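# need a 3D model of the sequence below.
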Amino acid sequence: MTLLYFPLLRLSSWFAALGALVALGAGLLTTASVLSRAIWNQPIAGDVEITQMVIALAISLCLPHCQARKANILVDFFTQNLSSGRLRVLDGMGSLFLALIYAFLAWRTSAGAVSVREAGETTMIISLPMWWAYACLAPGLALASLIALLQSFGASAPQATPS
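A predicted model of the protein is given here:
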């Protein structure tokens, strides 16, 4: 299990780096559109549509890294006095539950992409195919699901350090 886990950890890092670049691109697009609006009174056409799509992509690409580093928010008020064995069981159950949720979301976004493609839906302003947005979410969700599934069976990475 660990032999499979560590390559996925590396892949999740690559996904997160790509997600960061995509988010940076969205920020640059927004900045350019605001400047264009301020200077020439003309924003970049479709900037909001593109930003919505790429930020969703960036988030889905960063989810596997967050899951791999166990950096999800935990509310441990009720579990702080439990033994380490019981905490491991609860963490495993939580990881399994997250794996199922991520898998469900990956499946539904993939099915949604097919459905939206068949319907020929496009964005309103610049007519980008909507199925692109759905299809781009599935890989990050699927990788997060696989990582969470392996974690539920005991594979682990270093815990995220609280700031």
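# run the chain-centre distance for the single longest helix found in the chain.
For the chain, the longest helix by residue count, based on DSSP state H, is helix 2-40. From the chain centre to the centre of helix 2-40 is a distance of 11 Å (CA atoms, centre = their mean, to the nearest Å).
# report the rounded mean pLDDT for it.
Confidence for helix 2-40, expressed as mean pLDDT, is 94.
# using PDB, list the CA coordinates for the next helix or strand after that helix.
As assigned by DSSP states H and E, the chain's next helix or strand after helix 2-40 is helix 47-68. The C-alpha trace of helix 47-68 is given here as PDB (Å, rounded to 0.1, in the frame of the first residue of the first chain):
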ATOM      1  CA  ASP A  47     -13.300  37.300 -17.700                       C
ATOM      2  CA  VAL A  48     -15.800  36.200 -15.100                       C
ATOM      3  CA  GLU A  49     -16.700  33.000 -17.000                       C
ATOM      4  CA  ILE A  50     -13.000  32.100 -17.400                       C
ATOM      5  CA  THR A  51     -12.200  32.900 -13.800                       C
ATOM      6  CA  GLN A  52     -15.100  30.800 -12.500                       C
ATOM      7  CA  MET A  53     -14.000  27.800 -14.500                       C
ATOM      8  CA  VAL A  54     -10.300  28.000 -13.700                       C
ATOM      9  CA  ILE A  55     -10.700  28.700 -10.000                       C
ATOM     10  CA  ALA A  56     -12.900  25.600  -9.800                       C
ATOM     11  CA  LEU A  57     -10.200  23.700 -11.600                       C
ATOM     12  CA  ALA A  58      -7.500  25.100  -9.300                       C
ATOM     13  CA  ILE A  59      -9.400  24.000  -6.200                       C
ATOM     14  CA  SER A  60     -10.000  20.500  -7.600                       C
ATOM     15  CA  LEU A  61      -6.300  20.200  -8.400                       C
ATOM     16  CA  CYS A  62      -5.300  21.200  -4.900                       C
ATOM     17  CA  LEU A  63      -7.700  18.800  -3.100                       C
ATOM     18  CA  PRO A  64      -5.500  15.700  -3.500                       C
ATOM     19  CA  HIS A  65      -2.500  17.400  -2.000                       C
ATOM     20  CA  CYS A  66      -4.600  18.700   0.900                       C
ATOM     21  CA  GLN A  67      -5.900  15.200   1.500                       C
ATOM     22  CA  ALA A  68      -2.400  13.600   1.200                       C
END
